[in-house]
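S.K.: please find the sequence and the predicted model below.
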Protein chains: 2
Amino acid sequence: MRLSQFHLATVKEVPAEAEIASHQLMLRAGMIRKLASGLYTWSPLGLRVLRKVEQIVREEMNRAGAIEMLMPSVQPRELWEETGRWEKFGGQLLKIKDRKEQEFCYGPTHEEVVTDFARNELKSYKQLPVNFYQIQTKFRDEIRPRFGVMRAREFLMKDAYSFHLDQASLAETYEAMYQAYTRIFTRLGLKFRAVQADTGAIGGNASHEFQVLADSGEDAIVFSDGSDYAANVEKAEALAPAVTRPAPATALQRAETPRVRSVEDVTRHFGITADRVLKTVLVRGKDGGLVALCLRGDHDINEVKAAKLAELPDESVLASEEEILAAVGTRPGFIGPVGLPDSIPVIVDRSAAVLADFVCGGNANDAHYTGANWERDARITRVEDIRQVVAGDPSPDGHGQLRFARGIEVGHVFQLGSKYAQALDATVLDDQGKKQVMLMGCYGIGVSRIVAAAIEQRHDEAGILWPEAMAPWRVAVCVINPKHAPDVNAAAESLYNELVARGIETVWDDRGLRPGAMFADMELIGIPHRVVVSERGLGAGTLEYRARDAAESLAITRDELLELLG
Amino acid sequence: MRLSQFHLATVKEVPAEAEIASHQLMLRAGMIRKLASGLYTWSPLGLRVLRKVEQIVREEMNRAGAIEMLMPSVQPRELWEETGRWEKFGGQLLKIKDRKEQEFCYGPTHEEVVTDFARNELKSYKQLPVNFYQIQTKFRDEIRPRFGVMRAREFLMKDAYSFHLDQASLAETYEAMYQAYTRIFTRLGLKFRAVQADTGAIGGNASHEFQVLADSGEDAIVFSDGSDYAANVEKAEALAPAVTRPAPATALQRAETPRVRSVEDVTRHFGITADRVLKTVLVRGKDGGLVALCLRGDHDINEVKAAKLAELPDESVLASEEEILAAVGTRPGFIGPVGLPDSIPVIVDRSAAVLADFVCGGNANDAHYTGANWERDARITRVEDIRQVVAGDPSPDGHGQLRFARGIEVGHVFQLGSKYAQALDATVLDDQGKKQVMLMGCYGIGVSRIVAAAIEQRHDEAGILWPEAMAPWRVAVCVINPKHAPDVNAAAESLYNELVARGIETVWDDRGLRPGAMFADMELIGIPHRVVVSERGLGAGTLEYRARDAAESLAITRDELLELLG
């Protein structure tokens, strides 16, 4: 591509509205332009990158045996009523009324539509397994769209849905998708981790998120330094400590503790570390009564784990001050398991359960206990894993210790099980002629989000550092002073033609800009390889080559360049 | 592709709701499935065809120097207010409110968005000309969606928009797009015509429609049998007859004509042909008064031409019975130019203006005139071309006679001029540093509609006849009795592998169906070349080859087959 025949429109100023690097750089490189909140136009430059991601995703999906199709973006309300999601999906669902006052939504996802397609198309187990996918524009009416295409309202997604007669078949396709995703992100040239994820309310059997690693990532993930274990922090199990609980060594004593409410206050007041403090949180249980959750003072509750306790609803709610006063007779900050009314179950975290002689709230205003011990002073209803893991925790697979990283979720594979097929009555006849509800898997990739995630992972002061597979062009040919040195221009053109003939995607910057402005543009838009053709170089028989991530440029011959670019 | 690993779901029954061949065949072939009124899922088979069309469109747009980008499908109301189209576009505009009660539409076209992009991105004449395009899902809330994807609500379109400093540049890009479209439809293997089209209310300088020829087409087009002239019937000029008006030969006479109202009644009553009858239509003028349009009895009014008369509004409206009674004192059916009140302008069609001694209405109930003559008996305000052309009319370019054909509009190129750039204040600085409103062209192709149009043009009793460029696969390899003849199966596999290795898109029907069902499927889905591998053929060293459009199959060797397929 000759750049003079392309529309490149870089911007010098850092856009004020852009908070994160990828948003800033995509605007500065002119890859995207905002049309309205959460709505972006992909410029020619941006679209080149987006299409590269799309194509790699498509190739690997096809290789894994998935079959591409295309469903409408506008979906009728009736289908969403069948699964109950018309209401349940919430405000992100962009609802539409057509001219006949029929209700539709702009599809944020396609479980309903694909399951409807499947219940009409699939009649026999002989047609299974099958894995349909599409690459398509979706819409989620985010309450606060931000970070450019990272959390846009309209976005490009690859979504796949597989159908199965049994769990073994589902597990097989799930594994094939896991491998396909691994190939996709590897081919894209990104550092990523596949992490175990929580299956949430859907309650499927397995779920992994694919996270592009970046310090700016919204998601906290943990991984083992001694194995390939990796998980979403909400999913990561905190093992029970290998020690058993010591026997009580001190007597229970009541202490007056005015204005001592937080764990920090307690450690300061008693001169102890937070891992000797027991904190107790009262939450509202499923039946309306209160439930006590007890953790070590240095640990935090994991709400996803808590929500799975039989006593608690799907979304746990802290008890109000009034509820606590009524049930325990004290304000929050002084709660503890000692002497708690019998009606309140006491769920103790595994790490808290091995404490002895600990400090805890006194269940009265301005009072704590020291030397408290389980069983002797306080009952345990059940020991559970209810905390967030912390760095240094043993890895749940028994190998190594957990470390933390930040990630950007760009893919998700999920064993849905029968949830949607059941709701929509999507059945096939098995080999006995009996109707069976199909099992489903779903597999999403945020195609447009990958572009932003890659920039978050790979950029420097000057701009973007694209991996080769995602770059708008692999090579930029720059000419110094083409107007005043026709032979230099001819040499650049000849080099450009040869690179193109060899199938190397090349952009020739023939705009006639000053070198500084030209180089700044090529660095900003992140072209991996830059070659400069100049009069001086021609005289010496060399070209000036610089890799985008190299500190210095090299004088190399044309043959050396061609070898280097393969 | 092995068909057992694909999702093919053909249907035997002709679907009751499908009125036209393409809709029936796309449903029977399982290319599309209806989700809701005007909303269709493209199955894997359908999508293969759609993508082929899309790719040819993309390649030719790129070759013509257009630059691909991607705009949001959801567009803010504010932009549409700037051009006045939020109201004017009418019910086809699918309006949406987001969670913040902001108004948007699902884009039916992108003039507003692209002009907004251009006014932000283009600052200097040096950036011009530029031609942006996208291939994207659009939505038009058709009042009566029908004919499958031919008139769907959600559809795939290629839309391009070019920006220019002057008319010469616009004309040049327009011509380049005209040539690109010609290449696209030629490569697709379709019979088509580029016809001159009316520029309508936008009033640009030039417009052509690209029409795929098919008897079932909604559009009437005319073309010359003696030149390459072709036009939309609304646009085609009716030349003035080469004769001059004869002098009056008979006297004006009034005749009592009860129940003689239509032209047909008149011809029967007076025993004359319709080309001797003058019919007069009263329409409402711009200023509210009436205007008389006079045509020969065998001609029809062309409303597009009429709308261009200075006296008439953009959409002409017939005068009501009350208006006619009030102005002329008679019911419709007896109107004529003789003695019409002076306040009513009399616009006479070119062909009607050379009539002499004609019959016309008497401007009184149950009365006609015979022997009427212009000037002597009736005044002419102006002679204009206001009629539809008919077969046999001389071609407007002076070569040959006009003939009629039916077409399906699949493309449209249009010189918009400054309409949108003016409304949105999209300007650049010219070489004098002066602000200039840009000129624009727009160029659309209905990608999904092309698929249906091709089927309308190319099908038979058994199914679709794809042109090679659009076929889901070029070749189908069918095996007879694979289970009972392993060597036959091996031969089929070897042939399949060789075809694939040669880059020939091939589907191997390895589903194990009976030959009849297998052949019927391959004919229904329109594969251009079918090869049958059978035990008998193997013994004779031949394959059974049949072109989709051939009456008979041929026994040919493998080498002959490979040569034939190129």
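M.R.: That came through, no problem. It should be emphasised that the depicted structure is a prediction, and the values quoted were computed from it without experimental measurement.

S.K.: for the biggest helix by length in chain A, give me every contacting residue.
M.R.: Scanning chain A for the helix with the most residues, using DSSP state H, yields helix A:167-188. The contact list for helix A:167-188 (CB atoms under 8 Å, 6 or more residues apart in numbering or on different chains) reads A:53, A:56-57, A:60-61, A:63-66, A:128-129, A:131, A:160, A:162, A:164, A:192, A:194, A:205-206, A:208, A:210, A:212, A:410-411, A:413, A:415, A:417, A:439-441, A:443, A:445, A:450, A:454, A:467, A:469-470. Quick note: C-beta positions are derived from backbone N, CA and C, even for glycine.

S.K.: so which bits of that helix are buried?
M.R.: A:169-171, A:173-174, A:176-178, A:180-182, A:184-185, A:187-188 (16 or more other CB atoms under 10 Å in any protein chain shown).

S.K.: what is the rounded mean pLDDT of it?
M.R.: For helix A:167-188, the mean per-residue pLDDT is 97.

S.K.: next one: it to chain centre, how far?
M.R.: 17 Å (CA atoms, centre = their mean, to the nearest Å).

S.K.: which parts of the stretch 401-550 of chain A are helices?
M.R.: A:419-423, A:447-457, A:486-501, A:515-524, A:535-540 (DSSP state H, counting those that start in this stretch).

S.K.: list the buried residues for the last one?
M.R.: In terms of neighbour count (16+ other CB under 10 Å), helix A:535-540 has its buried residues at A:Gly537, A:Leu538.

S.K.: okay, the residue in the stretch 351-500 of chain A that chain B sits nearest to: pLDDT?
M.R.: Going by CB to the nearest CB, chain B is nearest to A:Ser448 of the stretch 351-500 of chain A, at 9.6 Å. A:Ser448 is assigned a pLDDT of 98 by the prediction.

S.K.: does chain B sit close to stretch A:73-93?
M.R.: Yes. Residues of stretch A:73-93 contacting chain B under CB under 8 Å from any CB of the partner chain: A:Ser73, A:Val74, A:Gln75, A:Pro76, A:Gly91.

S.K.: dump those residues into TSV; add pLDDT and distance to B:Val260 as well.
M.R.: Listed next are those as TSV, based on pLDDT from 0 to 100; distance: CB to CB, whole Å:
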residue	pLDDT	distance to B:Val260
A:Ser73	98	58
A:Val74	98	54
A:Gln75	98	58
A:Pro76	98	54
A:Gly91	93	68
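
S.K.: give me the buried subset of the residues you listed.
M.R.: A:Ser73, A:Val74, A:Gln75, A:Pro76.

S.K.: so how far is A:Glu87 from the closest residue to the last one other than its chain neighbours?
M.R.: It stands for A:Pro76. Once flanking residues are discounted, A:Pro76 sits nearest to B:Ala36: 4.4 Å by CB to CB, 6 or more residues apart in numbering or on different chains. Separation of B:Ala36 from A:Glu87 (CB to CB, to the nearest Å) stands at 20 Å.

S.K.: who has more neighbours out of those two?
M.R.: Each of B:Ala36 and A:Glu87 has its neighbours counted (other CB atoms under 10 Å in any protein chain shown); B:Ala36 has more, 20 against 9.

S.K.: dig out what the more buried one forms beta bridges with.
M.R.: With DSSP bridges as the criterion, B:Ala36 is bridged to B:Leu39.

S.K.: and the angle from the longest strand along chain A to helix A:167-188?
M.R.: Ranked by residue count and defined by DSSP state E, the top strand of chain A is strand A:402-417. Put simply, strand A:402-417 runs at 130 degrees to helix A:167-188, going by axes from the mean of the first three to the mean of the last three CA atoms, to 10 degrees.

S.K.: list the helices and strands strand A:402-417 packs on?
M.R.: Where contact means 3 or more CB pairs under 8 Å, 6 or more residues apart in numbering or on different chains; DSSP states H and E, strand A:402-417 is packed against helix A:167-188, strand A:192-196, strand A:207-213, strand A:219-224, strand A:439-446, helix A:447-457.

S.K.: pairing partners for the third one, with directions?
M.R.: Strand A:207-213 has the following sheet partners, assigned by DSSP bridges: strand A:192-196 (antiparallel), strand A:402-417 (antiparallel).

S.K.: mind putting those strands in a markdown table, mean pLDDT and mean neighbour count included?
M.R.: Below are those laid out as a markdown table (pLDDT from 0 to 100; neighbours: other CB atoms under 10 Å in any protein chain shown):
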| stretch | mean pLDDT | mean neighbour count |
| --- | --- | --- |
| strand A:192-196 | 94 | 21 |
| strand A:402-417 | 96 | 22 |
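
S.K.: spatially central, which residue of chain A would that be?
M.R.: Chain A has A:Glu409 as the residue nearest its centroid, 1.6 Å off, counting by CA atoms, centre = their mean.

S.K.: skipping its backbone neighbours, what lies nearest it in space?
M.R.: Counting by CB to CB, 6+ apart, the residue nearest A:Glu409 is A:Glu209, at 5.1 Å.

S.K.: for that neighbour, give the beta-bridge partners.
M.R.: Note on A:Glu209: beta-bridge partners by DSSP bridges are A:Val195, A:His412.

S.K.: and among the helices of the stretch 401-550 of chain A, the most buried is which?
M.R.: Of these, the one with the most neighbours on average (mean count of other CB atoms under 10 Å in any protein chain shown) is helix A:447-457, at a mean of 27.
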